[in-house]
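Trainee: sequence and predicted structure, then a few things I'm wondering about:
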Amino acid sequence: MSKPIIAPSILAADFCHLAREIDMIDKSQADWVHFDVMDGMFVPNISFGSPVLRAIRPLTSKVIDVHLMIEQPERYLEAFAEWGADVLSIHAEACIHIDRNLRRIKELGMKAGLAINPATPVHIYQHVLPWVDVALIMSVNPGFGGQTFIPYTYDKIRALRQMIAQAGSSTLIEVDGGVNLDNAPKLLQAGADVLVAGNFVFSSTDPLHTINTLKQLPAFNQKIV
Ligand code: DX5
Ligand code: ZN
């Protein structure tokens, strides 16, 4: 039986001991490190950027999954390639030239991710699917960790899973926001491949154990990036 890809979000980590947190993820069964970049414009919050990414890059061999919540992300594609991003996700709502930007991310040697806000319909993926390695479905309004999961996300995942199957595509479906052990099995059943978890992991008494517990859930549509 295949397993989900687990991506702990370090937005919820203890920044005073970030190296220790990365080390914990590195020793866990997590596959990716989810790295949330917020600009205070696209979302009403500012998080972290290049100095933090460059500091943690040498500390882990895990895939670094950068989620850009910034306006005009095309300004930073080359920079994130240089700073060591493996997967780079841009928001559909934050750029005019989605097609051009996805192609550029792939040209730069990264896996291309296209993120959508809760209210954005999944049909935006239809024609660009060949250039989308990861479809990042936001299950909360982006900007903050610790928010409550939006239940209509299940319908979006099911619809996207069907689109991907019909296209014979290997695009991964990643879910981000309010993921926990209550909704994770249902998300995987709906067709999710990658689970991002911030507060559920880092607010737990044993984050490493929590990551490993999520990893044991059965996945249904596993493909490896
Ligand atoms: C929210 C971020 C998420 C966040 C998830 O805007 O994109 O990645 O860190 O945190 P939780 O799992 O706490 O909702
Ligand atoms: Zn995120």
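Mentor: Great, that's in hand. Residues are numbered from 1 along each chain as shown. Ligands and ions are numbered 1, 2, ... in the order given.

Trainee: select the longest helix from this protein.
Mentor: helix 153-167 (DSSP state H).

Trainee: helices or strands up against that one?
Mentor: strand 134-138, strand 172-176, helix 184-190 (3 or more C-beta pairs under 8 Å, 6 or more residues apart in numbering; DSSP states H and E). Yep, even glycine has a C-beta here, placed from its N, CA and C like the rest.

Trainee: which ones are touching the residue of the chain found nearest ligand 2?
Mentor: Nearest to ligand 2, among the residues of the chain, is residue 67, at 3.7 Å (C-beta to the ion). Residue 67 makes contacts with 34, 35, 36, 37, 89, 113, 115, 136, 176, 196, as judged by C-beta atoms under 8 Å, 6 or more residues apart in numbering.

Trainee: also residue 159?
Mentor: residue 122.

Trainee: and the pLDDT for it?
Mentor: Looking at residue 159, its pLDDT stands at 98.

Trainee: likewise residue 223?
Mentor: Reading off the model, residue 223 has pLDDT 49.

Trainee: show me what contacts residue 192?
Mentor: Counting by C-beta under 8 Å, 6+ apart, the residues that residue 192 touches are 4, 137, 157, 173, 174, 175, 219, 221.

Trainee: next one: residue 214
Mentor: 4, 6, 181, 184, 195, 197, 201.

Trainee: now it: how far from ligand 1?
Mentor: From residue 214 across to ligand 1, the span is 11 Å (C-beta to the nearest ligand atom, to the nearest Å).
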